[in-house]
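Engineer: model this:
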Amino acid sequence: MSSKKTWNVLKNTLSVWVALLAFMPRGNAQELSQVQNAFNKYTQTALQEKVFVHTDKSTYLAGEIVWFKIYCVDGAFNKPLTLSKVVYVDILDNAQVSVMQAKIAMTDGMGSGSLVIPPSVANGNYKLRAYTNWMKNFGPESFFEKKITIINSLRTPDVAAKPKTPDYDVQFFPEGGYLVSGLPANVAFKAVAKNGSGFAFRGAVVNENNDTVARFQPLKFGMGHFVFTPAVNNTYRAIINIGSDKPIITALPTVKSNGYTMQVTDAGNGSLNVKVNSNTGDQQLHLFAHTRGVAKLVQNAVSSNGAAVFTVSKDKLGEGVSYLTIFDGGRQPVCERLYFKRPEQTLFIDAGADAGQYATRKKVSVTIAAKNATAKMINAGLSMSVYRVDSLQTVDQDDIAGYFWLGAELRGGIESPGYYLKTITAEADEATDNLLLTQGWRRFRWDNILQPAPAAFKYQPEFNGHLVIAKVTDSVKNIAKDVIAYLAVPGKRVQVYAAKSDAEGKLYFNTKEFYGANEIVVQTNTERDTSHKIEVISPFFEQYSKTALPAFGLTQGMQASLQQQSLAMQVQNIYAGNKLKHYFEPAVDSSGFFGTPYKTYKLDDFTRFVTMEEVVREYVREAGVSRSRGRFHITLIDEKVLLTGDPLVMLDGVPVFNIDKVMAIDPLKVQRLQVVRSRYFWGPAVFEGVMNYTTYKGDLGGAEMDPHAVVIDYEGMQIQREFYSPVYETDEQAKSRIPDFRNLLFWAPEIKTGPVNANKVTFYTSDQAGKYFGIVQGMTPNGDAASQSFTFEVK
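Structural biologist: The predicted model follows:
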């Protein structure tokens with residue numbers, strides 16, 4: 001091309017750009033940049049966590065055990081996250097009352113546990129939810145939730161009360177958020193029965209003159225969409241016909257007189273068309289897109305004749321759920337909708353039994369391998385359950401990949417979540433879009449992001465261990481700040497933690513390796529302070545999502561299965577009850593917080609004295625005992641200097657601040673004394689040395705606690721229960737007359753696969769014939785998740 005032609009092209013191009021710049025209002029690029037910067041700043045501080053729980057099954061009888069495996073990942077990339085070391089598990093009834101709770105220790109983003117269903121629990125559907133302390137900042141909608149059914153066969157079923165909710169629930173969701181008069185609208189709908197499943201029907205939309213303006217029917221799982229243009233000053237109703245039942249009549253959302261509507265369509269060339277209609281006049285609009293908290297693109301468009309179109313390349317969006325938000329010229333979000341880009345499957349699990357049919361009490365071998373897209377075996381952490389399916393216990397539809405890619409990004413439960421990832425058809429694409437339109441949800445509010453002040457988070461991540469939280473007040477119940485308090489767990493293992501109250505009077509005791517049911521002692525230094533009151537706060541969240549549980553009901557067809565499973569449960573608890581109470585001892589550091597003491601005195605190595613004063617005076621060279629104003633005091637001697645003030649003295653790990661009470665300890669009940677003779681800094685506290693007395697039984701040797709101390713029962717992180725699976729390797733074992741009525745044949749929360757050999761898992765069938773379903777779920781260290789199922793018969 002000649003230089004003259006080149007100049008002409010450049011001149012024409014520059015003229016176009018000058019015209020465009022002149023047409024664009026000043027400051028628009030800056031406004032959009034401010035939105036993006038505010039979003040990036042928020043997401044950098046508001047790290048998102050996702051939790052998925054794989055349960056052994058979904059229907060239980062009172063007296064059985066709920067087994068589960070927890071996977072915790074980072075919300076942006078779905079990779080295992082090590083931020084939180086504790087996950088809280090609640091099982092809630094319909095009134096949001098917790099019937100079971102547990103704190104589960106997490107390692108490398110994974111943990112496992114179990115809950116025994118008490119015999120007092122009522123029949124019904126329950127909500128199992130799981131969350132970290134950090135996830136509380138984003139509300140209960142961000143928690144993992146799953147419906148489980150519990151049947152108490154030892155209680156007469158409650159008389160069914162008249163339902164407070166209708167048999168069917170139908171809701172309508174305009175794309176973008178609103179119906180606006182005179183603007184075309186794409187309206188999605190979702191219809192579910194009282195059991196929580198979608199149903200088939202035919203419907204019509206009528207105006208206030210009963211004229212039909214649209215007809216519709218669901219595509220899949222009770223969901224679908226239709227298009228119509230609401231008229232000015234009109235209201236609309238939907239009439240839904242369900243066979244012979246009475247038609248359902250429900251109102252559509254209110255029509256706004258002014259506003260914006262949004263329609264996203266597939267352009268067919270690897271792009272999306274995002275059309276925005278408005279009746280507020282032509283103006284500059286902005287499109288901001290992000291995928292799981294990662295900004296992907298920003299675009300500008302000027303509306304002309306009330307319409308603006310953005311063209312978005314799908315390559316610019318990440319895999320999974322993306323959020324497309326429209327902002328007006330004032331940086332206010334006016335429309336939003338979700339778009340799903342199906343991720344490529346990169347993890348494939350091979351799992352299958354070595355036969356399709358077995359006799360009772362026979363060995364089953366399951367070979368498990370994790371492979372990548374090139375069929376190469378890789379490392380993965382998996383969990384597996386094998387259980388009997390019948391009219392009472394059906395196949396559990398939960399899917400780890402479906403949850404991380406879809407369920408965690410949407411509101412409410414998803415019927416058959418695996419369908420949306422594993423079915424690659426045009427119908428599945430449309431069904432997925434209907435799901436996004438009806439169950440869309442955002443983990444944040446734009447007004448929180450766009451505010452100038454940085455986001456404040458009330459709940460802290462538990463990156464070291466369980467945080468025991470307490471609140472301290474003064475004598476007139478006012479918040480008390482800058483008060484140092486101590487938490488201790490009595491026992492032979494020293495577990496003492498110090499904390500200083502913050503501006504809200506909160507004490508955060510950052511415990512480490514705190515397991516099992518314990519008694520804890522929380523107190524201030526009563527030699528300096530007796531006026532403050534301490535209240536230990538439950539770590540379980542007391543806010544709940546609005547997700548409703550489906551109605552519970554038993555049918556006549558379930559009677560035989562219920563009788564069989566009830567008998568099996570009772571027999572197992574009688575004959576194998578003790579074997580279900582075996583636990584894995586947690587690996588903990590048994591040394592005290594002060595590490596290796598300067599010296600340890602084993603009192604059996606010395607002549608026994610009858611008073612502790614004599615023991616300290618005669619044997620502990622580093623300690624001096626004195627009396628001042630009628631009170632005992634102990635002074636430790638460092639290598640060079642005499643320390644000032646009493647040391648921290650503990651009895652079985654519990655601080656004792658009154659030295660008179662120390663001297664009243666019975667020496668004959670004390671096994672050893674550990675001494676740290678130097679000044680010691682422990683959190684916000686400073687001690688003039690440390691002396692720790694340990695009794696033979698770890699029970700405080702009968703010493704009384706200070707009356708100002710708070711002493712309560714408190715359960716730390718759960719100690720893992722061992723799953724019982726009998727072995728029938730020999731004829732003698734197989735011919736045992738002890739009944740084996742297990743319907744859960746196998747549960748393994750920790751299955752590891754490697755790059756060389758497949759993992760082989762073995763277990764034995766029980767005396768229960770029937771069809772058995774096995775499910776293997778898990779993920780790789782890179783965050784690739786998958787599941788695989790298999791079946792076999794026992795005859």
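
Engineer: Please count neighbours and contacts with C-alpha atoms only from this point.
Structural biologist: Fine.

Engineer: What residues are bridge-paired with the residue nearest to the spatial centre of the chain?
Structural biologist: Centroid-nearest residue in the chain, with Cα atoms, centre = their mean: Y131, separated by 2.8 Å. For Y131, the beta-bridge partners are Y88 (DSSP bridges).

Engineer: and the gap between it and A455?
Structural biologist: Going from Y131 to A455 by Cα to Cα, to the nearest Å gives 20 Å.

Engineer: if we can go back for a sec, run through the residues that contact the residue nearest to the centre of the chain.
Structural biologist: With contact taken as Cα atoms under 8 Å, 6 or more residues apart in numbering, Y131 is in contact with 51, 87-89, 143-144.

Engineer: Could you measure from it over to Y403?
Structural biologist: 14 Å.

Engineer: How about stretch 309-320, which residues are buried there?
Structural biologist: Residues 309-312, 317-320 are the ones in stretch 309-320 that count as buried (16 or more other Cα atoms under 10 Å).

Engineer: The stretch 51-200 of the chain: strands as residue ranges?
Structural biologist: Listed in chain order, the strands found in the stretch 51-200 of the chain under DSSP state E, counting those that start in this stretch are 59-61, 65-74, 86-92, 98-105, 110-116, 124-131, 144-151, 168-174, 179-180, 185-193.

Engineer: Please enumerate residues in contact with the last one?
Structural biologist: Under the criterion Cα under 8 Å, 6+ apart, residues 167-175, 179, 198-199, 218, 222-230, 261-263, 434, 437-438 lie in contact with strand 185-193.

Engineer: try stretch 510-524
Structural biologist: By Cα under 8 Å, 6+ apart, stretch 510-524 touches 464-468, 483-490, 497, 530, 532, 534, 586, 588-589, 654, 708-719.

Engineer: ok, now stretch 653-672?
Structural biologist: With Cα under 8 Å, 6+ apart, stretch 653-672 has contacts from 486, 488-496, 521, 525-527, 600-604, 608-613, 615, 631-634, 648-650, 692-696, 701, 703.

Engineer: Just the ones in strands from these, please.
Structural biologist: If you go by DSSP state E, those have 486, 488, 496, 521, 600-602, 631-634, 648-650, 692-695 in strands.

Engineer: By neighbour count, sort out the buried ones in the contacts of stretch 510-524.
Structural biologist: By neighbour count, with 16+ other Cα under 10 Å, those hold 465-468, 483-490, 497, 532, 534, 654, 708-711, 716-719 as buried.

Engineer: Looking at the residues you listed, which are in strands?
Structural biologist: Cross-referencing these against strands under DSSP E gives 467-468, 484-488, 497, 534, 654, 710-711.

Engineer: Farthest pair within those residues?
Structural biologist: Maximum pairwise distance among those (Cα to Cα): 18.5 Å, between L467 and V654.

Engineer: per-residue confidence for Q96?
Structural biologist: Q96 carries a pLDDT value of 94.

Engineer: which residues does it contact?
Structural biologist: By Cα under 8 Å, 6+ apart, the residues touching Q96 are Y544.

Engineer: show me where this protein has helices.
Structural biologist: Listed in chain order, the helices found in the chain under DSSP state H are 3-23, 28-45, 400-405, 417-422, 426-439, 446-450, 559-575, 612-619, 659-663, 731-734.

Engineer: Just the buried subset of the ones in strands among the contacts of stretch 653-672, please.
Structural biologist: Buried members of the ones in strands among the contacts of stretch 653-672, counted by 16+ other Cα under 10 Å: 486, 488, 496, 521, 600, 632-634, 648-650, 692-695.

Engineer: May I ask which two of those are separated the most?
Structural biologist: Within those, V521 and T600 form the most distant pair, 24.8 Å apart (Cα to Cα).

Engineer: what ranges of the chain fall below the confidence cut-off?
Structural biologist: Low-confidence segments of the chain (pLDDT under 70): 1-32, 157-166.

Engineer: If we use 80, what do you get?
Structural biologist: Applying pLDDT under 80 to the chain picks out residues 1-34, 155-166, 243-245, 441-444, 447-448, 450-455.

Engineer: burial measure for D90, as a count.
Structural biologist: By other Cα atoms under 10 Å, the residues close to D90 number 23.

Engineer: And it, how far from R129?
Structural biologist: Distance from D90 to R129, counting by Cα to Cα: 5 Å.

Engineer: Need the overlap of contacts for the two.
Structural biologist: Joint contacts of D90 and R129 (Cα under 8 Å, 6+ apart) do not exist.

Engineer: how close does V616 sit to L673?
Structural biologist: Counting by Cα to Cα - V616 and L673 are separated by 10 Å.

Engineer: Then I738?
Structural biologist: In terms of Cα to Cα, I738 sits 51 Å off from L673.

Engineer: Which one of those two is surrounded by more residues?
Structural biologist: The neighbour count for I738 versus L673, taken as other Cα under 10 Å, is higher for L673 (20 against 12).

Engineer: if I read this right, S304 contacts D282, doesn't it?
Structural biologist: Yes. Contact criterion Cα atoms under 8 Å: S304 and D282 qualify, at 5.6 Å.

Engineer: hey, what's F773 bridged with?
Structural biologist: Taking DSSP bridges as the rule, F773 bridges to Y387, T791.

Engineer: Tell me, how many residues neighbour it?
Structural biologist: 20.

Engineer: my read: it touches V386, true?
Structural biologist: Yes. Contact status for F773 versus V386: in contact at 5.5 Å, counting by Cα under 8 Å.

Engineer: Pull up the gap between the nearest residue to Y772 once chain neighbours are set aside and E793, please.
Structural biologist: Spatial nearest neighbour of Y772, excluding adjacent residues (Cα to Cα, 6 or more residues apart in numbering): R388 at 4.3 Å. Distance, R388 to E793, by Cα to Cα: 9 Å.

Engineer: Would you mind telling me which of those two has more residues around it?
Structural biologist: Higher neighbour count among R388 and E793: R388, with 24 against 17, using other Cα under 10 Å.

Engineer: List the contacts of that one.
Structural biologist: Applying Cα under 8 Å, 6+ apart to R388 gives the contacts 743-745, 770-773.

Engineer: For D433, list the residues it contacts.
Structural biologist: So D433 contacts 339-340 (Cα under 8 Å, 6+ apart).

Engineer: now swap in P749 and tell me
Structural biologist: 68-69, 112, 382-384.

Engineer: let's see 6 Å
Structural biologist: Contacts for P749 were tallied using Cα atoms under 6 Å, 6 or more residues apart in numbering; they are 69, 383.

Engineer: what's the spacing between it and G111?
Structural biologist: In this view, P749 and G111 are 8 Å apart by Cα to Cα.

Engineer: For those two, list the residues in contact with both.
Structural biologist: Taking Cα under 6 Å, 6+ apart as the contact rule, P749 and G111 both touch K69.

Engineer: Buried subset of the contacts of Y131 as a PyMOL selection?
Structural biologist: Applying 16+ other Cα under 10 Å to the contacts of Y131 leaves a buried subset, and the PyMOL line that selects it is:
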select buried, resi 51+87+88+89+143+144
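
Engineer: so which of the contacts of Y131 comes closest to R445?
Structural biologist: Checking the contacts of Y131 one by one against R445 (Cα to Cα), the nearest turns out to be F143, at 16.8 Å.
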